[in-house]
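S.K.: sharing a sequence plus its predicted fold:
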Amino acid sequence: MRQAPVPVQVEPPEDDTIPDSDATGASDTAAEQRGQDSYAMTVLSVTTVGALLATVQGSALLIVLPELMRDLRMEFMTLLWVLLVYLMVTTILVPVLGRASDMFGRKRMYVLGFGVFALGSLLCGLSNPALGGWDMVGFRVVQAAGGAMLLANSTAMITDAFARRRLGFGLGVNQVAAAAGIVVGPVVGGVLAPLGWEWIFLVNVPLGLFGMAWAAYRLREPEWVAGRQRFDWAGTVAFFIGLFGVLTALTYVSFGDPGLMFTAYATAAVGAAGMAAFLIIESHAAYPMMDLRLFRNRTYAVGNLVNLLNGLCMGAATFLLIFYFQGPCGMDALTAGLLLIPSGLPMMIVGPLSGKWSDAYGPRSLTLAGLALTTAALAGLAFIDSGTPLWEVAALMVLIGVGGGLFASPNASSVMTSVPPGHRGTASGTRMMLRNTGTMFSLAVAFPLVLAGLSPEDMQSIFFGGGTVSDAALAMFEHGLSEAFLVFTAISVASVAVALMSYSRRSVRPP
């Protein structure tokens, strides 16, 4: 098998020691360090804007789902596709675009991402009621492509810009954007909802154009020393077919409709064949789209596996809590969205702190602590019902936020620093793909459990509020909710076990 040459990035020195014997050299080195630190903060600000833009969109959209369904004359399943297709397309594209950014430039990809996201948002805001919402499903694909360009690059760009001794801090601050989106999104949705659901999308247009101009002006491409490389089209096509088939099958399973099971099995078979072909192609490709050799590195492999498991056990938690607040608790969509703040706010506070602690002490203990807190919170949520005091639910959500804040930055830091600079786009995209795949799997697990036995009318009332739900339907929903959280608790226990057995202090010592 031909081995592809590994690009080598020309990085700034990370040694802060200034020789006493050369005053001029000391001054130059200090100036270079200040310039590098300043540029690192610029990269952090730009990438945080991109991450915030994508996450605010998701939580703000939850607030206007009833109006969206009514105004665009959507069927219930079409509305679910509007929600799920964004996550599906992002999941498929992030590793592909991560590899493309390694080859063609991370700045170019990030600038283009802002523009494509703004275009997709504009098209979504102009959706035609005569088409029953299916045009919005297509436009969400465009929006997701832009979001994938941003998500595939942000972690890699931060890793490039920050000296290793401060990388955990940079990644921790960037993680705040995701938490801030959860907190700010419902507020943004509540403010814009009176103007019409269109403005949830249209507000992204000027923000995306501003981000595009700012990134073009302030970012710079990393310097590369690499031979000419070819894009892995065969592996990319096989990956598209494989992951699209698998995720589509999971989506149909998550709908809980027995009539869709044949379609789910058929798409799963196509997806499995595509993934098998992808693995064969990648093992022989000179310039693979996803370099599977990276998984020979223990830290990289374990970090990604734990991230996948954590995404699997946490992915549906936000959806389930929204439905819990609207169904058994009888709250409107805006109130339900605002009640996500107890999970988002602690993550905003803990994320940067966890990054700094990771820089100083290494990621192992922080990763384990975050996973343990997440497990405890999920176990507690398995026993909530309509009579549970709100403060108790809020306390469990705080635990989830603290656990997520402790876990995210150390995990990202350990994965990203375990690969050569020329593979960081691929590593960032792969990590995001596995996280999102875990979320899709979690929805496929959760939805059949919480939807079992419910009529379409009961589903709609619980999911989007505003209707009357019978006591029997609420009892079935609460039973399914408990089962779902118990399943995710078991998965979270498995993630702790993997981290305990597989991380070694030697492999994750801080630099």
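M.R.: Perfect, I can see it now.
S.K.: how about the strands in this protein?
M.R.: Assigned by DSSP state E, the strands in the chain fall at 8-9, 224-225.
S.K.: which of those strands has the lowest average pLDDT?
M.R.: Within the strands of the chain, confidence is poorest for strand 8-9, with a mean of 40 (mean pLDDT).
S.K.: residue 260 reaches residue 249, doesn't it?
M.R.: No - at 9.7 Å, residue 260 does not count as touching residue 249 under the criterion of Cβ atoms under 8 Å. C-beta: built from backbone N, CA, C; applies to glycine.
S.K.: quick one: which of those two has more around it?
M.R.: Between residue 260 and residue 249, residue 249 has the larger neighbour count (other Cβ atoms under 10 Å), namely 24 against 17.
S.K.: list the contacts of that one.
M.R.: 264-265, 267-268, 271 (Cβ atoms under 8 Å, 6 or more residues apart in numbering).
S.K.: may I see the residues you listed organised as CSV, with distance to residue 135 added?
M.R.: CSV is the format used below for these (distance: Cβ to Cβ, whole Å):
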residue, distance to residue 135
264, 25
265, 29
267, 23
268, 28
271, 26
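S.K.: buried members of those residues into ChimeraX, please.
M.R.: In ChimeraX syntax, the buried subset of the contacts of residue 249 is picked out as below (16 or more other Cβ atoms under 10 Å):
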select :264,267,268,271
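S.K.: can you give me the neighbour number for residue 73?
M.R.: Counted with other Cβ under 10 Å, residues neighbouring residue 73 total 12.
S.K.: thought it was touching residue 132?
M.R.: Yes - counting by Cβ under 8 Å, residue 73 touches residue 132, with 5.4 Å between them.
S.K.: now for the two: what residues contact both?
M.R.: By Cβ under 8 Å, 6+ apart, residue 73 and residue 132 have no common neighbours.
S.K.: make sure residue 440 is actually in contact with residue 247.
M.R.: Yes - in terms of Cβ under 8 Å, residue 440 counts as a neighbour of residue 247; the distance is 5.3 Å.
S.K.: mutual contacts of those two, please.
M.R.: Both residue 440 and residue 247 are contacted by 88, 91, under the criterion Cβ under 8 Å, 6+ apart.
S.K.: going along the chain, name the helices of the stretch 151-300 of the chain.
M.R.: 167-192, 198-202, 204-218, 233-255, 261-284, 298-314 (DSSP state H, counting those that start in this stretch).
S.K.: report the angle between the fifth one and helix 233-255.
M.R.: By that I understand helix 261-284. Put simply, helix 261-284 runs at 150 degrees to helix 233-255, going by axes from the mean of the first three to the mean of the last three Cα atoms, to 10 degrees.
S.K.: if we can go back for a sec, so which of the helices of the stretch 151-300 of the chain is nearest residue 105?
M.R.: Of all the helices of the stretch 151-300 of the chain, helix 204-218 sits nearest to residue 105, with 11.9 Å by Cβ to Cβ.
S.K.: in the closest one, which residues are buried?
M.R.: By neighbour count on 16+ other Cβ under 10 Å, the buried set for helix 204-218 is 204-205, 207-208, 211-212, 214-215.
S.K.: same question, stretch 163-177
M.R.: 163, 166-177.
S.K.: farthest-separated two in those residues?
M.R.: Of all pairs drawn from these, the greatest distance, 21.3 Å, lies between 163 and 177 (Cβ to Cβ).
S.K.: rewinding a little: closest to residue 377 among the buried residues of stretch 163-177?
M.R.: When these are compared for distance to residue 377 (Cβ to Cβ), residue 175 wins out at 17.8 Å.
S.K.: rewinding a little: among the contacts of residue 249, which one lies nearest to residue 67?
M.R.: residue 264 (30.2 Å).
S.K.: ok, now which ones touch that closest one?
M.R.: Contacts of residue 264 by Cβ under 8 Å, 6+ apart are 249, 252-253.
S.K.: cool, residue 276 as well?
M.R.: With contact taken as Cβ under 8 Å, 6+ apart, residue 276 is in contact with residue 242.
S.K.: gap between it and residue 88?
M.R.: Per Cβ to Cβ, to the nearest Å, residue 276 is found 20 Å from residue 88.
S.K.: tell me the phi and psi of residue 132?
M.R.: Residue 132 adopts backbone torsions of phi 70, psi 20, taken as degrees, to the nearest 10.
S.K.: what sits against it?
M.R.: Taking Cβ under 8 Å, 6+ apart as the contact definition, residue 132 lies against 72-75, 78.
S.K.: top of these by neighbour count?
M.R.: Greatest neighbour count in the contacts of residue 132, by other Cβ under 10 Å, goes to residue 74: 23 neighbours.
S.K.: just give the nearest non-adjacent residue to that one, would you?
M.R.: In space, and not counting its chain neighbours, residue 74 is closest to residue 133: 3.8 Å by Cβ to Cβ, 6 or more residues apart in numbering.
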